[in-house]
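Engineer: My questions are about this predicted structure, shown below with the sequence.
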Amino acid sequence: MFLLAEDAALKSHLSGITVSDEKNPTRPVGVWFGYPDVEIREQIYPFITIDLMSVRNAVERQHSGVIYDGDYSGTVAPVNGVFYQYEVPIAYDLLYQVISYSRHPRHDRAIIFQLSQKFPGMRGHLAVPNDLGTYTAYRHMFLEGTMKNDKAEGENGNKRLLRNIYTVRVISEMTPATASAVPIPDVETVRINQQVATSVPASMTLVQ
């Protein structure tokens, strides 16, 4: 599904990054949507966050026409002798911000190296499986820019936080099945604290 598929694909693309140090030669780098909330999960460094910054209608890539296929752009199971006719999907650009956080300079450099492989300038691609899992589309993924944004924390500035910010553009499209789907109903009730936190830091107390 539009947006959800790209989110899942980008998280999968970034998963599996590891760093090494004197205590662990293969320390995993966690991947989260948004900055980890200490009330929900412990902030274990290093980690990477993903944030969707904007969704832009890519009118310069839009074209018109009719498509015929047997699985309605990968959204329904194909049936022999049955074909679907629909208009060309709507073109979009999805702009993501990917930020890495670490405390150790060696971790920071290792993450920079691996992210440079994940986002190779104008030659990147993102594997996005279809809803049925029958095939995978490889979307263009462009590195729009990077920025180093280290800072010192703590009362005396003796706690360093090493950050790298990557801005990434993913080429996408809204399929006819998504565009014509029944709108999601408005949220009428919001329930909080329905799930008990399982990894609250030892220095903090869970509020019931």
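Structural biologist: That came through fine.
Engineer: looking at the protein, which residue lies furthest from center?
Structural biologist: In the chain, the greatest distance from the average C-alpha position (C-alpha atoms, centre = their mean) is reached by residue 81, at 37.5 Å.
Engineer: what about that one, is that helix, strand or coil?
Structural biologist: The three-state label given to residue 81 by DSSP: H, G, I helix; E, B strand; the rest coil is coil.
Engineer: Now do the buried residues in the lengthiest strand in the chain.
Structural biologist: Ranked by residue count and defined by DSSP state E, the top strand of the chain is strand 159-174. For strand 159-174, a neighbour-count test (16 or more other C-beta atoms under 10 Å) marks 162, 164, 166, 167, 168, 169, 170, 171, 172, 173, 174 as buried. Bear in mind the C-beta positions are built from the backbone N, C-alpha and C, glycine included.
Engineer: Please enumerate the strands of the protein.
Structural biologist: 18-19, 27-28, 30-33, 47-57, 66-69, 84-87, 90-102, 124-129, 136-148, 151-153, 159-174.
Engineer: Can you lay out these as JSON lines showing distance to residue 10 and mean pLDDT?
Structural biologist: Shown next, in JSON lines, are the strands of the chain (distance: least, C-beta to C-beta, whole Å; pLDDT from 0 to 100):
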{"stretch": "strand 18-19", "distance to residue 10": "18", "mean pLDDT": "97"}
{"stretch": "strand 27-28", "distance to residue 10": "18", "mean pLDDT": "95"}
{"stretch": "strand 30-33", "distance to residue 10": "9", "mean pLDDT": "93"}
{"stretch": "strand 47-57", "distance to residue 10": "6", "mean pLDDT": "95"}
{"stretch": "strand 66-69", "distance to residue 10": "26", "mean pLDDT": "89"}
{"stretch": "strand 84-87", "distance to residue 10": "26", "mean pLDDT": "88"}
{"stretch": "strand 90-102", "distance to residue 10": "6", "mean pLDDT": "96"}
{"stretch": "strand 124-129", "distance to residue 10": "6", "mean pLDDT": "93"}
{"stretch": "strand 136-148", "distance to residue 10": "8", "mean pLDDT": "94"}
{"stretch": "strand 151-153", "distance to residue 10": "25", "mean pLDDT": "83"}
{"stretch": "strand 159-174", "distance to residue 10": "7", "mean pLDDT": "94"}
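Engineer: Put together CSV for those, with distance to residue 6 on each row.
Structural biologist: Output for the strands of the chain, formatted as CSV (distance: least, C-beta to C-beta, whole Å):
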stretch, distance to residue 6
strand 18-19, 24
strand 27-28, 23
strand 30-33, 12
strand 47-57, 9
strand 66-69, 20
strand 84-87, 21
strand 90-102, 6
strand 124-129, 6
strand 136-148, 7
strand 151-153, 30
strand 159-174, 6
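Engineer: Out of these, which is closest to residue 8?
Structural biologist: strand 124-129 (8.3 Å; C-beta to C-beta).
Engineer: And the closest one, what does it pack against?
Structural biologist: helix 4-14, strand 136-148 (3 or more C-beta pairs under 8 Å, 6 or more residues apart in numbering; DSSP states H and E).
Engineer: Can you tell me which of these is most buried?
Structural biologist: Of these, the one with the most neighbours on average (mean count of other C-beta atoms under 10 Å) is helix 4-14, at a mean of 18.
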